[in-house]
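In: how would this look folded up:
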Amino acid sequence: MVNSLRLINLNVKDEFFILVKKIITRKLAERGCVLGDGGPVLTLIVHNAMSDGAYRVEPDKIIAGDASGIMAGLGRYLNECRFDGFGSFIPANGIYELVPKKPIRGMYFASHFYNFYHVAPIEKVYEILEDLALRGCNALMAWYDMHHYYGVDDPESVKMIERLKMIYRRAKELGMLLTFGTLANEAFAGTPDNLKAEWRAVNGYKAQPQGHYHVEICPSAIGGIEEIIRQRRTVLRAFNDIPFDFVSYWPYDQGGCTCEDCKPWGANGFLKLAPHFHKVVREELPGAKILCSTWYFNNFIDGEWDAFYERMKDPQFGFFAYLFGYFSGEANTPDFIRRGSMPGGKQMLSFPEISMRGAVPWGGFGANPMPDHLEKQEKANGWFYQGGFPYSEGIYEDINKALALGFASGQYNSSKDILNDYVRYEFSTAPEEIVSLLYDMEDTLFRNRYDENDENQNYLNRPMPPDTVYRFKITDPEKIDAIYERATRVDAGLPQIIRSGWRWRVIFLRAVIDHELFHNGGIASALCEKCYAELTDLYYAHKAEYAVAPPTKEAMALNRGGFLL
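Out: Residues are numbered from 1 along each chain as shown. This is a model prediction of the structure:
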């Protein structure tokens, strides 16, 4: 057993090596260890003949083709060490090689609603980025939300732009590909009525597009395309000092237009605008390629996917580098994709949901592990994805991030294998009991909130009296007591430095909250309130809108942000 590690730089860029030392110092300190002159020596080597993201880990060196590979190799080394949580570890002593399975192993930071990415101290966001890089993440996407600003020069807009730039710059330092997220016809506040997109369920739409803010612009209106492109140009220009690799082009949520001239949006108005969008991207962000999303196709109008498939045969859309698609199961995956016939012959990226499934507020009850669900998704559709950008609202889905990146890397074939490594490394303990706990937490995740009249109130759609009593009903509570008993027992046995860390706290608090809700008729007890308050502190969610705020009495009474759907 040793308590320190020494890093040596053979040919890594000095600035990157300084950053790596800072990161490894933090990761060792989280386990009571230090970066110093004692202990094993680990030399970092860049070998240009290796492919992007590939690495070879030996007991005394890490060899990789680029910065992303160095980070992933370091993560593998640390994961293969055996930390005891009391300040000592057994160094990794094997040889581990990996050429990543998927070229795009990304993550999407939903930086809005005063969630973690929106308001947490920037150094805390950097730490999440760095930890993702250690797990092999090589791409980051974020989104500049326009609808609540009147222009890029709004004071709050200026703050957000600078914050996003800081996040992107750190991602670039870690060797990540950068993607700027934007929606086709989103717009700033103050859109004139004559330019506004139609959002109602008309002209063959079976449901109104979700997430509309009613400032979106119709590209079929006179002057609509020109105004969309004018606004898009100002936004892209504000970010043109960031070396983006991709710009995403998104159809819905928010976005879309249901007017007669734009329907069906995904194969008509959306694509009518696309060449103009491509032109402004080429002018403002030279070198950035365009990712075309198919998000929510067929959700609001039938036949959208089939019509899009036909339109993609047109060579004018050859500028799309990848398509974005996400299908929750085989039943809603288009037949041509199941046959391996992609629209326009394009390769596809995934946009898996790891944050919002099963419980509202998202993350409001702590950790939301989904090992079984994500493994089923990988087995059903993983074969045709070239990677993706899982949708992240904060830190409570850290386990799901690890699962998604573990599958994308190709290192693992099952969720259980990923969780075994996750638990052994993050909690410095034998994995069996905690891993089984995480699977049981997936079974007990789904819940709904009801008011005193037994009306579903998952999303508040009207003001409620301040004294309204809400109850959360867990769909399958059978394992709640066993989870609580095991989590309490594990908590008592963990080293203090581990049990006080946020990764364990979000799991343990989930066990306590669920136990209290189950035995109190779904109504928050005083202990629940205490747990909610701790989660609020961990998430920096003190001003967060309802959907991303732990449901303290204060958050419920304020109903910040109203509803999203």
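In: where do the strands sit along the stretch 201-350 of the chain?
Out: 246-250, 289-293, 320-324, 348-350 (DSSP state E, counting those that start in this stretch).
In: C-alpha coordinates for the next helix or strand after the shortest one, PDB please?
Out: Taking DSSP states H and E as the definition, the helix or strand that follows strand 348-350 towards the C-terminus is helix 371-381. Extracted in PDB, the C-alpha atoms of helix 371-381 (Å, rounded to 0.1, in the frame of the first residue of the first chain):
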ATOM      1  CA  PRO A 371     -28.700   0.400 -15.200                       C
ATOM      2  CA  ASP A 372     -31.300  -2.000 -16.600                       C
ATOM      3  CA  HIS A 373     -33.000   0.600 -18.800                       C
ATOM      4  CA  LEU A 374     -29.700   1.900 -20.300                       C
ATOM      5  CA  GLU A 375     -28.500  -1.600 -20.900                       C
ATOM      6  CA  LYS A 376     -31.700  -2.500 -22.700                       C
ATOM      7  CA  GLN A 377     -31.400   0.700 -24.800                       C
ATOM      8  CA  GLU A 378     -27.800  -0.200 -25.700                       C
ATOM      9  CA  LYS A 379     -28.700  -3.800 -26.700                       C
ATOM     10  CA  ALA A 380     -31.700  -2.600 -28.800                       C
ATOM     11  CA  ASN A 381     -30.200   0.300 -30.700                       C
END
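In: export the strands of the stretch 201-350 of the chain to TSV and tack on distance to Leu509, mean neighbour count and mean pLDDT?
Out: In this view, the C-beta of every residue, glycine as well, is placed from N, C-alpha and C. As requested, the strands of the stretch 201-350 of the chain are exported to TSV (distance: least, Cβ to Cβ, whole Å; neighbours: other Cβ atoms under 10 Å; pLDDT from 0 to 100):
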stretch	distance to Leu509	mean neighbour count	mean pLDDT
strand 246-250	34	24	98
strand 289-293	34	23	98
strand 320-324	33	20	97
strand 348-350	30	24	97
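In: Which of those strands sits closest to Ala526?
Out: Closest to Ala526 of these is strand 348-350 (Cβ to Cβ; 42.0 Å).
In: beta partners of His62?
Out: For residue 62 the amino acid is Ile, not His. With DSSP bridges applied, the residues forming beta bridges to Ile62 are Leu44, Val57.
In: Number of residues surrounding it?
Out: Counted with other Cβ atoms under 10 Å, the neighbours of Ile62 add up to 27.
In: Could you measure from the nearest residue to Arg237 once chain neighbours are set aside over to Met146?
Out: Nearest in space to Arg237, with sequence neighbours left out and distances taken as Cβ to Cβ, 6 or more residues apart in numbering, is Glu284 at 5.4 Å. As defined by Cβ to Cβ, to the nearest Å, Glu284 lies at a distance of 15 Å from Met146.
In: Which one's more surrounded, the two?
Out: Summary of the neighbour comparison: Glu284 and Met146, criterion other Cβ under 10 Å, with Met146 having more neighbours (24 against 19).
In: Got the phi and psi for the residue most central in space within the chain?
Out: Among the residues of the chain, the one closest to the centroid is Ser392, at 2.3 Å (Cα atoms, centre = their mean). Summarising the backbone geometry of Ser392 under the convention degrees, to the nearest 10, its torsions are phi -120, psi 130.
In: Let me see the contact set for it.
Out: 107-110, 117, 354-355, 401 (Cβ atoms under 8 Å, 6 or more residues apart in numbering).
In: 10 Å instead?
Out: Under the criterion of Cβ atoms under 10 Å, 6 or more residues apart in numbering, the contact partners of Ser392 comprise 107-111, 115-117, 128, 132, 353-355, 398, 400-401, 404.
In: Show the model's pLDDT score for the residue nearest to Cys33 when sequence neighbours are not counted.
Out: Spatial nearest neighbour of Cys33, chain neighbours left out: Asn3 (5.2 Å); criterion: Cβ to Cβ, 6+ apart. Each residue has a pLDDT score; the one for Asn3 is 96.
In: Next, Asn3: phi, psi?
Out: Summarising the backbone geometry of Asn3 under the convention degrees, to the nearest 10, its torsions are phi -120, psi 10.
In: That one touches Cys81, doesn't it?
Out: No. Counting by Cβ atoms under 10 Å, Asn3 sits too far from Cys81 to count as a contact (11.7 Å).
In: Mind listing the shared neighbours of these two?
Out: Overlap between the contact sets of Asn3 and Cys81, as judged by Cβ under 10 Å, 6+ apart, is given by 28, 31, 33, 89.
In: I'd say Ser328 and Met370 touch.
Out: No. Because the distance of 12.0 Å does not satisfy Cβ under 10 Å, Ser328 is recorded as not touching Met370.
In: for the stretch 351-500 of the chain, what spans make up the strands?
Out: Assigned strands in the stretch 351-500 of the chain, in chain order: 385-388, 391-392, 447-450, 471-474 (criterion: DSSP E, counting those that start in this stretch).
In: Tell me the buried residues in the longest helix belonging to the chain?
Out: Ranked by number of residues, the top helix in the chain under DSSP state H is helix 155-173. With burial defined by 16 or more other Cβ atoms under 10 Å, the residues of helix 155-173 counted as buried are 157, 160-161, 163-164, 167-168, 170-173.
In: Looking at those residues, spot the one nearest Tyr450.
Out: Closest approach to Tyr450 among these (Cβ to Cβ): Met160, at 35.7 Å.
In: so who does the closest one touch?
Out: Contacts for Met160 (Cβ under 10 Å, 6+ apart) come out as 111-112, 118, 144-145, 148-149, 152, 154.
In: rerun that using 6 Å as the cut-off
Out: With contacts taken as Cβ atoms under 6 Å, 6 or more residues apart in numbering, Met160 has no neighbouring residues.
In: can you pull the pLDDT of it?
Out: Residue-level confidence at Met160 comes out at 98, pLDDT.
In: Do I have it right that the residue nearest to Arg237 meets Val235?
Out: No. Applying Cβ atoms under 6 Å as the test, Glu284 and Val235 come out as separate, 8.8 Å apart.
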